[in-house]
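> Structure of the sequence below:
(one chain, ligands or ions: 3)
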Amino acid sequence: MLKTPLARRLPVWIEELGQIGRTEADGLWRTPYTPADTQAQDAVAGWMQQAGLEVRRDAVGNLFGRLPGTTRPDEVILTGSHLDTVRNGGKYDGGLGILAGIVMLAEVLETSGRPARSLEVVALVGEEGSRFPLAFIGSKAITGELSPEELEIRDAEGISIAGAMRGVGLDPSRIQEARRSDLRGFLEFHIEQGRILQDQGYPLGIVHTITGIRQACVLVDGRPDHAGTTPMTSRRDAMLGAAEMVLRIAEQITALGHPAVATTGRLQARPGGVNVVAEQVEFTVDFRHPDPAVLERMAAMIRGTCEEVAQRRRLASTLHVFLEHPPVPMSPEVQAALQASAEELGLKALSMASGAGHDAMVLAGRIPVGMLFVPSREGRSHCPDEFTPEGEIVPGLAVLARTLHRLATV
Ligand code: HGY
Ligand code: MN
Ligand code: MN
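Numbers count the residues shown, from 1 in each chain. Ligands and ions are numbered 1, 2, ... in the order given. Purely as a prediction, here's the structure:
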C-alpha cells in the first residue's frame, strides 16, 4: 500500500520515541522545555532530515519539517501533532501523528513528487497541559493566541513557562514570531483513544466535531482538628466534603448518558497529616460534551453540587475554571477530502465526534482543519496500555498521504 522505504521505519521510530522521557517513577512523561523534550525534538529533527525535509524550530519551540511546493510554495498544508505526553502516558498519543506525517510527506514525494503548495509536518509543544496548567501552548502560538501573561503560569515547582523556555534557549519575548498566516489547512492523524472504531468494526474515523472541554479546580475549606479527640459530628472535614462532591458530580454526569463525561484526576489535602482532619482539599474536574448547551448545563450542575454540599457540611468552596474550549466542528472540505481518499482506497471511514481534545481545535479557529483516526486497542489511552498494531495504522497512512496531496494540489 505504501511505496516509501521510510514507512518501514515508522514502528521503530514509535518505539524509540516512546522511550524518550520514560522513568521508573512516572512511566512515559515528556513535557515541554525539559531535557526529555529536547532529546525527543533532536530525534524527530533527525527523522525529518532523513525524509528529506527542511527542518526549523519556531520561537515557542514547535519543530517543523517542510517539503517546499512548486508553484504556490507560500501556501502551506500542515500535518502533525503534539510531542508531549501525559504522566504515565502512551507511545501513540501525539507522537504517532508526527511520525506518520514525516513518513507520509516522504510518501507524497516518492509517489507524486512535490505538489503546488508546500507540505509541512509539525511536532507541537505542550498540548497536554501536564507540566503547566495550560494546554495547547504550541498551537496557540501558531494562531497568535498565546499571551505574555500566560507565559507566567507556573508548574508544580514554581517554574514559569517563560523561565522554562529560557532554560532551553528560547526567548519568550519573541513568541509572536511563531504566529503563522501562510497555513491553508491542518490535518491531524491520531489514535481514537476510545473504542468506537473497534466496537463498530471500522478501520478509520473521520472527525466531524471535537468535544467541548472545561477544566476546573475546586477548593474546599474546612477546619483542621485532632483525628482522635474530635467527635465525628462536630467536624468540618474538607475531605468528606470533597469526597461527596466528587462522587455526586460523577453520578449526575453519568445520569446524562455518554458522551457527557466528568473526571477528577487530581485531589490534594492540606495539611495532609494522617492524624489531622483536613483543613483544605483541592481537586480538579475535567468535563466535556460536544453540545455547547449541555456543556453549559453540566457546568451549572457541578457548581450547584459543590455549593450545596459545602453549605450542608458547613464548609466553604470555590470553583475556578482554568481551561475552557467550546466544541469545534471540523472543516466540511477537509472531511470530504478524507472521505474521497478513503473511498478511492476502498476503505470504510466512520464520521464521528472526538471525545479527546486536540491541537486541531485551536487551529480550526483560523484555517480549515480535519482529523483522521485509527483505532485504539480496547479504547485505552493516556496509559501504558495504549496500543495500535501496525496493520491498523497503515490504512490510515495511505489515506493521510493521499489527502495531504489532494489538499496541496490546487
Ligand atoms: O485531554 C485530552 O483530551 C487530550 O488528550 N489533551
Ligand atoms: Mn492526550
Ligand atoms: Mn493527543
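> What residues does the stretch 301-410 of the chain have near ligand 1?
Neighbours of ligand 1 within the stretch 301-410 of the chain, by CB under 6 Å from any ligand atom: 356-357. To be clear about C-beta, it is placed using only N, CA and C from the backbone, and glycine gets the same treatment.
> Can you list the residue ranges for strands in the stretch 301-410 of the chain?
316-325, 328-329, 349-354, 369-374 (DSSP state E, counting those that start in this stretch).
> out of those, nearest to residue 166?
strand 316-325 (23.7 Å; CB to CB).
> Distance check, the closest residue to residue 112 other than its chain neighbours against residue 135.
Distances taken as CB to CB, 6 or more residues apart in numbering place residue 405 nearest to residue 112, at 5.2 Å, with adjacent residues excluded. Distance, residue 405 to residue 135, using CB to CB, to the nearest Å: 31 Å.
> Residue 158 - how many residues pack around it?
By other CB atoms under 10 Å, the residues close to residue 158 number 7.
> wait, isn't residue 302 in contact with residue 287?
Yes. Judged on CB atoms under 8 Å, residue 302 makes contact with residue 287 at a distance of 6.5 Å.
> shared neighbours of the two, anything?
216, 262 (CB atoms under 8 Å, 6 or more residues apart in numbering).
> which residues of the chain fall in helices?
Remark: helices assigned in the chain by DSSP state H are 10-17, 35-50, 95-111, 137-143, 161-167, 196-200, 238-256, 292-312, 332-344, 359-363, 390-408.
> Mean neighbour count for those - can I get that in TSV?
Shown next, in TSV, are the helices of the chain (neighbours: other CB atoms under 10 Å):
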stretch	mean neighbour count
helix 10-17	17
helix 35-50	18
helix 95-111	25
helix 137-143	27
helix 161-167	19
helix 196-200	16
helix 238-256	19
helix 292-312	16
helix 332-344	18
helix 359-363	27
helix 390-408	22
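> Which one, of these, ends up nearest to residue 176?
helix 137-143 (8.4 Å).
> is ligand 1 contacted by that closest one?
No. With CB under 6 Å from any ligand atom as the criterion, ligand 1 is not reached by helix 137-143; the gap is at least 11.2 Å.
> list the helices and strands that helix packs on?
When contacts are defined as 3 or more CB pairs under 8 Å, 6 or more residues apart in numbering; DSSP states H and E, helix 137-143 sits against strand 117-124, helix 359-363.
> for the last one, what is the average pLDDT?
So the one you mean is helix 359-363. Averaged across helix 359-363, the pLDDT comes to 97.
> same question, the first one
Mean pLDDT, computed over strand 117-124, is 98.
> and if you look at stretch 32-51?
When pLDDT is averaged over stretch 32-51, the result is 98.
> that older thread, model confidence score at the residue nearest to residue 112, please.
In this prediction residue 405 is given a pLDDT of 97.
> residues contacting it?
Residue 405 neighbours (CB under 8 Å, 6+ apart): 108, 111-112, 115.
> change it to 6 Å
Contact partners of residue 405, counting by CB atoms under 6 Å, 6 or more residues apart in numbering, are 108, 112, 115.
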